[in-house]
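Colleague: how would this look folded up:
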Amino acid sequence: MTHDRPDLDVSRRAWISLSLAAMGLVANARPAFGADDDEDARIAGLEGRARKAGIAPLGVSRTDHFLGVGDAPPRFRDEALGVCEALGKVFVKHLRDRGFDVDFPARRMTVVILKDADSYAAMAGDAPGKAVGGHYDLDADRLVVFDFRPGRPAGSGAERINTFTLVHESTHLLSYDAGLLALDGDPGKCVAEGVAAYFEMWRKSVSAPVGRVNRPRLEAIRAATRVGGKWIDTVRLLTEDALFDDPDSAQLAYGQAWLLTYHLLTASRSLWPDVVKWFDAMKTRSGDRVATLEKYLGPVDKLDAALRRLGRELLRNP
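Modeller: The predicted model follows:
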């Protein structure tokens, strides 16, 4: 999953395929990490990859729940891990308050933190787009980010992209490692990106709580529909992952995915137990996405109508 800003032209990498059965991960549970996931072994593996890519040496930082490895300066690496740690605590508490069984994994989560776009291209094997600041690698279950500032003038928005990318992509990492989603499940991009968009406006240093209206995503809905774009039916949003990669539909798809998550996690408390059951059901690959949703949340047509009403209300009340 790559960084995708609502207000920038983004070149996305393909979503990492869900070919994870061979990893021995169990559905309906947090990943089970054995002796082969030794922290030193992970560091050594990244160092070997860096040497082959012509990047060395790598520094290492640690917090209670995150391992940071990369060629970024120590200050940038430590600051990035500080954001991840603070977000992780907010993520776990916010979802637990709504009844989700989430928690930090037993081992530290891996964040590769690189000094610039050149290091990212060398490590990732693919040059980033002009507004891509990193990605969550689902196969490797690690976050890869770089400092967007080098080579860009002051006032270019690079600092904002750094923060946005780190929060959005760290939410993907937390979603899978803290047990909200399963690595070998098939929630679809609507769910995975909706959760990331729901948390992405949180900031460590300012009063920006989780659960507030994501104004950029809401404005993306307004812009798309204003220029003749049509609302994406919720059935399509749930089942057609390509909508999130197509430049003609991506911004609206991300906006509506955020709106769905916002509706489900800020609605009345009476709805939350069913939302939790729906997320738990998505941890397996059995059944189709629409039928799974309807089993716990009712007819999708009614949900679609509720989302349309909510979108109109939010757009009328900035």
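
Colleague: count of residues packed around Asp288?
Modeller: Per other Cβ atoms under 10 Å, the neighbour tally for Asp288 reads 11. All C-beta atoms are positioned from the backbone trio N, CA, C, and that covers glycine.

Colleague: mind listing what it touches?
Modeller: Counting by Cβ atoms under 8 Å, 6 or more residues apart in numbering, Asp288 makes contact with Thr239.

Colleague: now it: how far from Thr163?
Modeller: Using Cβ to Cβ, to the nearest Å, we find Asp288 at a distance of 37 Å from Thr163.

Colleague: which non-adjacent residue is nearest the residue nearest the centre of the chain?
Modeller: Note on the chain: the residue nearest the mean C-alpha position is His172, at 3.1 Å, using Cα atoms, centre = their mean. Leaving aside its sequence neighbours, His172 sits nearest to Tyr136 (Cβ to Cβ, 6 or more residues apart in numbering; 3.9 Å).

Colleague: hmm, the one you found is touching Thr165, no?
Modeller: No: counting by Cβ atoms under 8 Å, Tyr136 does not reach Thr165; the two are 10.1 Å apart.

Colleague: helices of the stretch 1-150 of the chain, start to end?
Modeller: Listed in chain order, the helices of the stretch 1-150 of the chain (DSSP state H, counting those that start in this stretch) span 39-52, 74-96, 117-124.

Colleague: give me the angle between the shortest one and helix 39-52.
Modeller: The reference is to helix 117-124. Here helix 117-124 points in a direction 110 degrees away from that of helix 39-52 (axes from the mean of the first three to the mean of the last three Cα atoms, to 10 degrees).

Colleague: for helix 117-124, packing partners?
Modeller: On a contact count with 3 or more Cβ pairs under 8 Å, 6 or more residues apart in numbering; DSSP states H and E, helix 117-124 meets strand 109-114, strand 142-146.

Colleague: ditto for the longest one
Modeller: Helices and strands touching helix 74-96, by 3+ Cβ pairs under 8 Å, 6+ apart, are strand 59-62, strand 66-70, strand 109-114, helix 158-177, helix 189-199.

Colleague: just to revisit the earlier point, how about the helices of the stretch 1-150 of the chain, which one is nearest Asp280?
Modeller: helix 74-96 (12.4 Å; Cβ to Cβ).

Colleague: low-confidence bits of the protein, can you list those?
Modeller: 1-37, 127, 129-132, 155, 228, 318 (pLDDT under 70).

Colleague: render the CA-only coordinates of stretch 254-263 in PDB, please.
Modeller: Written as PDB, here are the backbone C-alpha positions of stretch 254-263 (Å, rounded to 0.1, in the frame of the first residue of the first chain):
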ATOM      1  CA  TYR A 254     -10.400   7.000  -1.100                       C
ATOM      2  CA  GLY A 255     -12.900   9.600   0.000                       C
ATOM      3  CA  GLN A 256     -15.800   7.200   0.100                       C
ATOM      4  CA  ALA A 257     -13.700   4.600   1.900                       C
ATOM      5  CA  TRP A 258     -12.900   7.100   4.600                       C
ATOM      6  CA  LEU A 259     -16.600   8.100   4.800                       C
ATOM      7  CA  LEU A 260     -17.600   4.400   5.300                       C
ATOM      8  CA  THR A 261     -15.100   4.000   8.200                       C
ATOM      9  CA  TYR A 262     -16.000   7.400   9.700                       C
ATOM     10  CA  HIS A 263     -19.700   6.400   9.700                       C
END
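
Colleague: how many residues are close by Gly255?
Modeller: When counting by other Cβ under 10 Å, one arrives at 26 neighbours for Gly255.

Colleague: report the contact partners of it.
Modeller: Neighbouring residues of Gly255 by Cβ under 8 Å, 6+ apart: 6, 197, 217-218, 220-221, 224.

Colleague: what helix or strand is it on?
Modeller: For Gly255, the element it lies in under DSSP states H and E is helix 250-266.

Colleague: mind listing what's buried along that helix?
Modeller: Residues of helix 250-266 classed as buried: 250-265 (neighbour count, 16 or more other Cβ atoms under 10 Å).

Colleague: quick one: Asp137 from His263, how far?
Modeller: Distance from Asp137 to His263, by Cβ to Cβ: 30 Å.

Colleague: next one: Phe244
Modeller: For Phe244, the distance to His263 equals 19 Å [Cβ to Cβ].

Colleague: rewinding a little: in CSV, list the helices of the stretch 1-150 of the chain along with mean neighbour count and distance to Asp103.
Modeller: Listed next are the helices of the stretch 1-150 of the chain as CSV, based on neighbours: other Cβ atoms under 10 Å; distance: least, Cβ to Cβ, whole Å:
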stretch, mean neighbour count, distance to Asp103
helix 39-52, 14, 19
helix 74-96, 19, 6
helix 117-124, 20, 30
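
Colleague: JSON lines please, covering these and showing distance to Glu159.
Modeller: Output for these, formatted as JSON lines (distance: least, Cβ to Cβ, whole Å):
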{"stretch": "helix 39-52", "distance to Glu159": "25"}
{"stretch": "helix 74-96", "distance to Glu159": "11"}
{"stretch": "helix 117-124", "distance to Glu159": "15"}
